[in-house]
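Novice: Below: sequence and its predicted model.
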Amino acid sequence: MMAKDSKSNPSQTRPRPRPEEVEKTPAESIKETIDSIIVAFCLAFVFRAFIVEAFVIPTGSMADTLLGMHRQYTCESCGYTFDVGIQGSVTTLEAIQQLQSGGREVRCPHCGWALETQVGSEADRERPNLGGDKILVLKYPYLFSTPRRWDVVVFYNPALPSDNYIKRLIGRPGESVQIVDGDIFVGDANDPSKPMRIARKPDRVQDVLWRPVFHEDSRPIYKMSADRQVPQWVPEAADNGWTTSGRVFTYRPMASGNSSIRFHSLGEEVMEAAVPTPGDLNLKYRPLGFVDYYAYNRYPRDEVEWRQLNIVRDLKLEAVVFFTDPNAKGVLRMSMNRRNHRFIAEFRQDGTAELIQQTTDLTGVTTKRVIGSWPGGGRATPLPTDRGVRVRLQNVDFQASLWIDGRKLIWTRDDDYGPDGPVGPSLEDLRRLDEQKSEGGLADRHLPGVWIEASGGPLDLAHVNLDRDVYYSAYTEGREHTAVDRGTPLSPSGSQIMRLRGTTGHPSDYDEFFMLGDNSPASYDGRKWEINEPDLMSYWHLRSRIPESEKGKAPNDVAEPYRFGTVPRDHLIGRAFFVYWPAGLQMFNSRLHLVPNVGKMRLIN
């Protein structure tokens, strides 16, 4: 059989080119490029519309959680760095004076020192403006589920839907909401007979809402002639073993005496009842202590504005303790009170701990009981003496808790303490106190007390930090604001209840939400959307759920009118979840802050 000559069949020696190897004409290449660009644009549009969208924080309503345009200052006395808000672009000295705290002084929120730099002065004119935080917002979760309370939410402004707002979600569909003594209480909007209960913030949210009262690491270096005008920890008895003159406190046991120290602030007389004495607003030091002052906002102009500040009783005391003698049986006690209730966290060198509640009734009789012990039944491991142990006592949202090294070990339940249980002030008592507060002002109320005590062996305390919670106020600047129930004014006492339409867990266009800003004194939110605003009046005609036949009728005649102070479900955009570009760092001596501030990139809680 004769072999075939491969040369006689060219198809066997020269393979056909594959399709991708065929040379494309210029027109085909351009067409493919355009197709790729169109696909990329479509994907980007879908991604932005349904997945993630970027926003810039324009104002300070969520400060200090999220910052709008601001300037940064460092206190000359304590070294604490803080932010002061501005609105819009500032190009002239007159604009600075108008937009930045009215041209008034800058005062440190930590130690109360009035900075040499005045906002709006010639020296301050060169200080760079820092842009608002740039954030990413998840949009798809709210398409399928009801938002969670305490989410930070971006939504369309009901008064002007072309504007985007960002606030913290407080009330959900089907709930009644009330603001009392800085806390949030919720109930069933469809069954007013059910008691309202306090809405406690999750730990992840609470951790970002603490505001400084006094941090010992930022200890003031300047003092007036009267030391009582400077926030400080003071021994309650002479020669009781405590030394608090430095940033690290030391305790060395003495033979006898009161072995406790107490925090003093707001200019009250040392060793006397903690009743605030505002004094002269022009003092170089004006400690602000336990009140809800925000440096981001303007400093109070007069005694009237000063008395509108609220005393915050939700506190956190944290420190790092070093038990320096391995053979001792040292004990550290932290305590704080809220009116007639005092909570004591006891940390022992042998590794055990207790949370104790001490209550004084109207007759002056004091009862004391142990809320819980650690470990609950197991064997305790002695605390190390070669390193520090971070300990914490906090009382927030009517729940006291004891922490060791970042772990929440013991806490009170509703039956132990609070308006939901048999022990603690009732909600009616809190409402009554709010009414008295609005009538009497700041000077008629007592400050909380905070103490540290030691016994049994020597110890050192470092990084002693005292912080307060945010205070959600039902009123601002003496004005009444609008509740959500058809324009009913929300009284300064917070006695009005906001009832939200809808049913939790069953998404509907009728769902209503209630939002508040973390910077409560300066937040334009559901408390302030007034009934007489033209944009809100016209909003009735923009709601898609209003039948065509009812458009044009008077607002009160519409079947389902918009209720002031609420955010309808179809106005929700998404949940803010990440700050991807906070205000940048300064590049060399330039006024431009273009270097990414990686340390402040963070998840939003």
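Specialist: Noted; the coordinates are in hand.

Novice: so what pLDDT did N589 get?
Specialist: With respect to pLDDT, N589 has a value of 62.

Novice: show me what contacts the residue most central in space within the chain?
Specialist: Centroid check for the chain by Cα atoms, centre = their mean gives L209 as the closest residue, at 2.7 Å. Applying Cβ atoms under 8 Å, 6 or more residues apart in numbering to L209 gives the contacts 65, 201, 469-470, 518. The C-beta positions use only the backbone N, C-alpha and C, and glycine is treated the same way.

Novice: Phi, psi for it please.
Specialist: Per-residue torsions, L209: phi -100, psi 0 (degrees, to the nearest 10).

Novice: distance of it from W403?
Specialist: Using Cβ to Cβ, to the nearest Å, one gets 16 Å for the distance from L209 to W403.

Novice: count of residues packed around D163?
Specialist: Neighbourhood size, D163 [other Cβ atoms under 10 Å]: 12.

Novice: give me the element it is part of.
Specialist: Using DSSP states H and E, D163 falls within strand 160-171.

Novice: hmm, back to that, could the contacts of L209 go into CSV alongside distance to I135, secondary structure and pLDDT?
Specialist: Supplementary listing: the contacts of L209 in CSV, determined by distance: Cβ to Cβ, whole Å; DSSP: H, G, I helix; E, B strand; the rest coil; pLDDT from 0 to 100:
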residue, distance to I135, secondary structure, pLDDT
T65, 11, coil, 94
K201, 20, coil, 97
D469, 23, coil, 97
V470, 19, coil, 95
D518, 14, coil, 95
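
Novice: For I604, list the residues it contacts.
Specialist: Shown in contact with I604 (Cβ under 8 Å, 6+ apart): 65-66, 135, 152, 576-579.

Novice: same thing but at 6 Å, please
Specialist: By Cβ atoms under 6 Å, 6 or more residues apart in numbering, the contact list for I604 reads 152, 576-577.

Novice: Pull up the distance across stretch 133-148, start to finish.
Specialist: End-to-end distance of stretch 133-148: 23 Å, with Cα to Cα, to the nearest Å as the criterion.

Novice: Not counting its own residues, what contacts it?
Specialist: Residues contacting stretch 133-148 (Cβ under 6 Å, 6+ apart): 50-57, 66-67, 154, 169, 572, 574-582.

Novice: Of those residues, which count as buried by neighbour count?
Specialist: Those of the contacts of stretch 133-148 that meet the buried threshold are 53, 55, 57, 66-67, 154, 169, 572, 574-579, 581-582, by 16 or more other Cβ atoms under 10 Å.

Novice: Okay, and which of those map to strands?
Specialist: Restricting those to those inside strands, with DSSP state E as the criterion, leaves 53, 55, 154, 169, 572, 574-579, 581.

Novice: got these as TSV, with distance to R392 and pLDDT columns?
Specialist: Listed next are these as TSV, based on distance: Cβ to Cβ, whole Å; pLDDT from 0 to 100:
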residue	distance to R392	pLDDT
E53	37	89
F55	34	91
V154	33	95
L169	27	96
L572	35	92
G574	34	93
R575	29	95
A576	28	95
F577	27	93
F578	27	94
V579	26	94
W581	32	90
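
Novice: so where do the strands sit in the stretch 1-150 of the chain?
Specialist: With strands called from DSSP state E, counting those that start in this stretch, the stretch 1-150 of the chain shows them at 52-56, 70-74, 81-85, 105-107, 114-118, 134-138.

Novice: Could you check stretch 409-418 and say which residues are buried?
Specialist: When burial is assessed from 16+ other Cβ under 10 Å, stretch 409-418 yields the following buried residues: 409-412, 414, 416-418.

Novice: And it, end to end?
Specialist: From the first residue to the last, stretch 409-418 extends over 19 Å; the measure is Cα to Cα.

Novice: for the record, mean pLDDT for that stretch?
Specialist: Taken as a whole, stretch 409-418 has a mean pLDDT of 90.

Novice: from the middle of its chain, how far away would that stretch be?
Specialist: For stretch 409-418, the separation from the chain centroid amounts to 23 Å (computed by Cα atoms, centre = their mean, to the nearest Å).

Novice: what's the answer for stretch 156-171, then?
Specialist: Averaged C-alpha coordinates place stretch 156-171 at 18 Å from its chain's average position (Cα atoms, centre = their mean).

Novice: Please apply the same query to stretch 192-208.
Specialist: In terms of Cα atoms, centre = their mean, the centre of stretch 192-208 is found 14 Å from the chain centre.

Novice: Span of that stretch from start to end?
Specialist: End-to-end distance of stretch 192-208: 33 Å, with Cα to Cα as the criterion.

Novice: what comes up buried for it?
Specialist: Applying a neighbour-count criterion of 16+ other Cβ under 10 Å, one finds 196-201, 205-206, 208 buried in stretch 192-208.

Novice: Distance to L603 and secondary structure for those residues - can I get that in TSV?
Specialist: Rendered in TSV, the data for those read as follows (distance: Cβ to Cβ, whole Å; DSSP: H, G, I helix; E, B strand; the rest coil):
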residue	distance to L603	secondary structure
M196	31	coil
R197	28	strand
I198	26	strand
A199	22	coil
R200	20	coil
K201	16	coil
V205	11	helix
Q206	15	helix
V208	9	helix
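
Novice: which of these lies closest to S373?
Specialist: Nearest to S373 among these: R200, at 22.8 Å, using Cβ to Cβ.

Novice: just to revisit the earlier point, include secondary structure and distance to R127 when you put the buried residues of stretch 409-418 into a markdown table, please.
Specialist: Formatted as a markdown table, the entries for the buried residues of stretch 409-418 read as follows, by DSSP: H, G, I helix; E, B strand; the rest coil; distance: Cβ to Cβ, whole Å:
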| residue | secondary structure | distance to R127 |
| --- | --- | --- |
| L409 | strand | 45 |
| I410 | strand | 46 |
| W411 | strand | 44 |
| T412 | coil | 46 |
| D414 | coil | 49 |
| D416 | coil | 49 |
| Y417 | coil | 46 |
| G418 | coil | 45 |
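
Novice: ok so, going back, how big is the angle separating the helix or strand just after the strand holding D163 from strand 160-171?
Specialist: Sequence-wise, the next helix or strand downstream of strand 160-171 (DSSP H and E) is strand 175-180. Orientation of strand 175-180 against strand 160-171 (axes from the mean of the first three to the mean of the last three Cα atoms, to 10 degrees) gives an angle of 80 degrees.

Novice: Any stretches of the stretch 1-150 of the chain with poor pLDDT?
Specialist: In the prediction, the stretch 1-150 of the chain carries residues with pLDDT under 70 at positions 1-24, 28, 31, 35, 41, 43-50, 87-104, 118-123, 125.

Novice: residues of the strand holding D163 that come out buried?
Specialist: 164-171.
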